[in-house]
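Undergrad: What follows is a predicted structure for the sequence shown.
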Amino acid sequence: MAGFRNINAAELEIMLQQGSLRLVDVRTDAEMARGKIPQGDPLPLHLIPTRLHELDKTRPTAFYCQMGGRSAQAAAFAAANGFADVYNLQGGIAAWLHAGLPVSA
């Protein structure tokens, strides 16, 4: 794997409840407008190369998108740039919704 670990929606929910994880939403503004995981911070994929320095490399970080592909790219990029504890929500927000977990507007 490319320096990150794929996790499912249940694993992400547990990690968010534990409180130390930073969740980054790499979708477009239009996608985010349709609903988001409440704890997610918006940082569209195309801005990751110029704004990755804004994230704490020492804090566990998970990325998500609509289906998991773009967030896997973001996770690989973060891992390649010195982030040690990186995760990708496999299946994206679609998997989160399928699991019946909450979203906000």
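TA: Ah, there it is. This one's a predicted model, so the numbers in the text were calculated from it and none came from an experiment.

Undergrad: Please count neighbours and contacts with C-alpha atoms only from this point.
TA: Fine.

Undergrad: Span of stretch 40-58 from start to end?
TA: Using C-alpha to C-alpha, to the nearest Å, the span of stretch 40-58 from its first residue to its last is 18 Å.

Undergrad: let me redo that: stretch 18-36
TA: Using C-alpha to C-alpha, one end of stretch 18-36 lies 19 Å from the other.

Undergrad: Against Ser104, how distant is the residue nearest the centre of the chain?
TA: Against the mean C-alpha coordinate of the chain, by C-alpha atoms, centre = their mean, the closest residue is Phe63 at 1.6 Å. Plainly put, Phe63 is 17 Å away from Ser104 if you go by C-alpha to C-alpha.

Undergrad: so how far does stretch 57-72 reach from one end to the other?
TA: First residue to last in stretch 57-72 (C-alpha to C-alpha) measures 17 Å.

Undergrad: Please apply the same query to stretch 75-95.
TA: Rule used - C-alpha to C-alpha; the end-to-end distance of stretch 75-95 is 17 Å.

Undergrad: can you give me the helices in the chain?
TA: Per DSSP state H, the chain carries helices over the ranges 9-18, 29-33, 48-51, 69-80, 92-98.

Undergrad: Make CSV from those helices and add mean neighbour count, mean pLDDT and distance to Gly3 to it.
TA: Shown next, in CSV, are these (neighbours: other C-alpha atoms under 10 Å; pLDDT from 0 to 100; distance: least, C-alpha to C-alpha, whole Å):
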stretch, mean neighbour count, mean pLDDT, distance to Gly3
helix 9-18, 14, 97, 18
helix 29-33, 13, 96, 26
helix 48-51, 12, 97, 17
helix 69-80, 22, 97, 5
helix 92-98, 19, 98, 18
